[in-house]
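J.: Give me a model of this one.
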Amino acid sequence: MSAKTTHVIPQNGGWAVKKEGSANRSSSMYSTQKEAIEAAREIVQRTAAGQVVIHHLDGSIRTRDKHGLPEVQQPPRKSKLGSKAIERAVSTVIRERLLGE
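T.: Model prediction:
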């Protein structure tokens, strides 16, 4: 699965949550920007991929939140350990516990 950007954009007097690359699909609509941001963040968490980009009423990208922190959420990072290394580590721990070492 490729990481996609989810945008919160003003649309028809409300706020739309739209996934990048889904021009033909309808977007979810919300009455407030806050509701739309929460929905977009849930989408990113559920898919465990992508980032949220929030736009101003004029369409420009918001770069800072009210606390001065970066607004664009970075995608979740994968472990640098490979799945084989993790499997070996877990197997070692299980073996040690079973053998009482």
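J.: SS state for the spatially most central residue of the chain?
T.: In the chain, the residue lying closest to the centroid (Cα atoms, centre = their mean) is Val44, at 2.9 Å. Under DSSP: H, G, I helix; E, B strand; the rest coil, the three-state class of Val44 is helix.
J.: so where's this protein uncertain?
T.: 1-3, 23-26, 64-81, 101 (pLDDT under 70).
J.: Could you pull out the strands in it for me?
T.: Taking DSSP state E as the criterion, the chain carries its strands at 5-11, 14-19, 28-30, 51-54.
J.: Just confirm Gly14 contacts Ser31, I think it does.
T.: Yes. Counting by Cβ atoms under 8 Å, Gly14 does reach Ser31; the two are 5.5 Å apart. All C-beta spots, glycine's among them, are computed from the backbone N, C-alpha and C.
J.: Neighbour count: the two, which is higher?
T.: Taking other Cβ atoms under 10 Å, Gly14 and Ser31 do not tie; Gly14 has more neighbours (13 against 10).
J.: contacting residues for the nearest residue to that one once chain neighbours are set aside?
T.: Once flanking residues are discounted, Gly14 sits nearest to Met29: 5.1 Å by Cβ to Cβ, 6 or more residues apart in numbering. Going by Cβ atoms under 8 Å, 6 or more residues apart in numbering, Met29 touches 11-12, 14-16.
J.: quick one: which two of these are the most distant?
T.: Asn12 and Trp15 (9.6 Å; Cβ to Cβ).
J.: for the protein, longest helix please?
T.: helix 83-99 (DSSP state H).
J.: Output that one in PDB with nothing but the alpha carbons.
T.: What follows is helix 83-99 as a C-alpha-only set of coordinates in PDB (Å, rounded to 0.1, in the frame of the first residue of the first chain):
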ATOM      1  CA  SER A  83      10.700  -8.700  10.100                       C
ATOM      2  CA  LYS A  84      13.100 -11.600  10.200                       C
ATOM      3  CA  ALA A  85      15.200  -9.900  12.900                       C
ATOM      4  CA  ILE A  86      12.100  -9.300  14.900                       C
ATOM      5  CA  GLU A  87      11.000 -13.000  14.500                       C
ATOM      6  CA  ARG A  88      14.400 -14.200  15.600                       C
ATOM      7  CA  ALA A  89      14.300 -12.000  18.700                       C
ATOM      8  CA  VAL A  90      10.800 -13.100  19.700                       C
ATOM      9  CA  SER A  91      11.800 -16.800  19.100                       C
ATOM     10  CA  THR A  92      14.800 -16.400  21.300                       C
ATOM     11  CA  VAL A  93      12.800 -14.900  24.200                       C
ATOM     12  CA  ILE A  94      10.200 -17.600  23.900                       C
ATOM     13  CA  ARG A  95      12.800 -20.300  23.800                       C
ATOM     14  CA  GLU A  96      14.600 -18.900  26.900                       C
ATOM     15  CA  ARG A  97      11.300 -18.700  28.800                       C
ATOM     16  CA  LEU A  98      10.300 -22.200  27.900                       C
ATOM     17  CA  LEU A  99      13.700 -23.600  28.800                       C
END
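J.: Alright, that wraps it up for me.
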